[in-house]
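The sequence and its predicted three-dimensional model are supplied below.
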Amino acid sequence: MNKFAKPALVLVALIAISLLGVGLYLQLAQEMLPCPLCIVQRYGFALTALLCLITVALPKQYLRAGAAAASLASIAGAGIAIRHLWVKAHPTISCGIDVLEVFLNKIVFANWLPTLFQADGLCTTEYDPILGLSIPTWALIWFTLFAISLSWLALRYRRPA
């Protein structure tokens, strides 16, 4: 188990970063504007990846705590994806130009990396499904897989003697 811990963290980080790349592709090439909830999910993927990479760089004694923290970031991202799915199921609810969008667009990362972290779309906009599933459904699936994997890693990891 111990020899697979750090490669597993790197794999989760690479997948999370790849999902950010998919989001950018959909935004730039397919002209699917990200809504505020999409942006919060991007922060969730970025935080999960960052925590995994930091944990890999730390001594092995911090692996449990790092995996647990990354799992919590994934759980939070899953919660946002669930909220996004709820908003899409209730079209009269909107997260468009509201307090959340204004707040997100004033965060320093939205100024540093506006292409990645600036909200420009509406949560209720319907885009074509990808392999039969909506974007927030895919996000929920990935956040759930990350949370399960990272929680398992945090609970099963044994410190080297």
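Ah, there it is. Note that the structure is a prediction, hence the values are computed from the model and not measured.

drop to CA atoms for contacts and neighbour counts, all remaining ones
OK.

Any idea how many residues pack against residue 64?
Burial measure for residue 64: 22 neighbouring residues, criterion other C-alpha atoms under 10 Å.

And it, how close does it get to residue 31?
Look at residue 64 and residue 31: by C-alpha to C-alpha, to the nearest Å, they are 40 Å apart.

who touches residue 39 in this structure?
Contacts for residue 39 were tallied using C-alpha atoms under 8 Å, 6 or more residues apart in numbering; they are 104, 116, 117, 118, 119.

count of neighbours near the closest residue to residue 135 other than its chain neighbours?
In space, and not counting its chain neighbours, residue 135 is closest to residue 129: 7.1 Å by C-alpha to C-alpha, 6 or more residues apart in numbering. Close neighbours of residue 129, defined as other C-alpha under 10 Å, add up to 11.

confidence score at residue 129?
Here, the pLDDT recorded for residue 129 equals 80.

ok, now residue 98?
The model reports residue 98 with a pLDDT of 66.

Might one say that residue 27 is in contact with residue 34?
Yes: using C-alpha atoms under 8 Å, residue 27 makes contact with residue 34 at a distance of 6.8 Å.

between those two, who's got more neighbours?
The neighbour comparison of residue 27 against residue 34 (other C-alpha under 10 Å) goes to residue 34, with 24 against 16.

which residues in the chain form helices?
All helices of the chain, identified by DSSP state H, fall at 2-28, 36-57, 63-89, 99-106, 108-112, 114-117, 135-156.
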